[in-house]
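Give me the fold of what follows.
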Amino acid sequence: MIRRVPLREDGYFFLPLYTVIGGVVALVSLPLHGALYLAMKTAGACKNGSTAATRPIWIALSLLTILSLPALTIARPNTLNNFRTYPVLLAVPLVVLAALAGVWHFCTKSDDRKAFACSGAYLAVMLVGAATALYPRLLPSSTDSSRDITIQKALSGPHVLALSGGRSECVWL
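Modelled structure (predicted):
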């Protein structure tokens, strides 16, 4: 699939810094979420081990989350455009920070379910933040913004939409 995305004239694809930062944040956030799940669902040594793992992972994730915003704005300067245009979207990073704080708070209170719920909220709101920052782009080009895959470019053609009668379940044929 990647080779089919025209990111450069010669078809060459590389991972831009924006993608690498997102991948590193995911690489740290998902083990935290898994450790919190194990802490919630298990007992004994497994629960103790997963609970002990949450603290260093949470610290790493907090640092990465805080450092990722300036790094992303350097990697892709237009990242904050939608946040400037619609100031209400500034609630997204605040909710991310609140979810991170909730993970820490509920871990210290040994309330595994609420810590896990906060971790899930963190993951969901981080995805919302990424989509908000990229909108209307789905897959930005590394070299030329005219090559971005946008929502408009990704839409099915009028013929397919007419065949489906506007019903999305028919598109899966």
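
Phi and psi next, for the most centrally placed residue in the chain.
Central residue of the chain (CA atoms, centre = their mean): L127, 3.3 Å from the mean position. Main-chain dihedrals, L127, degrees, to the nearest 10: phi -60, psi -40.

which residues sit in contact with it?
Residues near L127 by CB atoms under 8 Å, 6 or more residues apart in numbering: none. To be clear about C-beta, it is placed using only N, CA and C from the backbone, and glycine gets the same treatment.

Tell me which stretches of the chain form helices.
Counting by DSSP state H, the chain has helices at residues 17-41, 44-75, 81-85, 91-108, 112-134, 151-154, 158-164, 168-171.

Using CSV, please lay out these together with mean pLDDT and distance to S141.
Formatted as CSV, these follow (pLDDT from 0 to 100; distance: least, CB to CB, whole Å):
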stretch, mean pLDDT, distance to S141
helix 17-41, 92, 11
helix 44-75, 92, 14
helix 81-85, 89, 16
helix 91-108, 97, 24
helix 112-134, 94, 12
helix 151-154, 76, 11
helix 158-164, 69, 24
helix 168-171, 52, 25
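
Tell me how far C107 lies from A53.
11 Å (CB to CB, to the nearest Å).

out of these two, which sits in the busier spot?
Neighbour count, other CB atoms under 10 Å: between C107 and A53, C107 has more, with 23 against 17.

Check whether that one really touches T54, as I assumed.
Yes: counting by CB atoms under 8 Å, C107 does reach T54; the two are 5.5 Å apart.

Domain map for the chain?
15-135, 142-173 (automatic domain parsing).

Quickly compare those and say which is most buried.
Of all these, domain 15-135 carries the top mean neighbour count, a mean of 16, counting by mean count of other CB atoms under 10 Å.

starting at the chain centroid, how far to that domain?
Chain-centre distance of domain 15-135: 9 Å, with CA atoms, centre = their mean, to the nearest Å.

picking up where we left off before, any chance of TSV for the helices of the chain, columns distance to D144?
TSV is the format used below for the helices of the chain (distance: least, CB to CB, whole Å):
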stretch	distance to D144
helix 17-41	15
helix 44-75	16
helix 81-85	18
helix 91-108	28
helix 112-134	16
helix 151-154	13
helix 158-164	27
helix 168-171	29
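
Those helices: which one's closest to P140?
helix 112-134 (6.5 Å; CB to CB).

ok, D148 - contacts?
Counting by CB under 8 Å, 6+ apart, the residues that D148 touches are 137, 139-141.

how about JSON lines for those residues, with pLDDT and neighbour count added?
Shown next, in JSON lines, are the contacts of D148 (pLDDT from 0 to 100; neighbours: other CB atoms under 10 Å):
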{"residue": "R137", "pLDDT": "78", "neighbour count": "18"}
{"residue": "L139", "pLDDT": "73", "neighbour count": "15"}
{"residue": "P140", "pLDDT": "73", "neighbour count": "20"}
{"residue": "S141", "pLDDT": "70", "neighbour count": "16"}
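
I appreciate the help and will end here.
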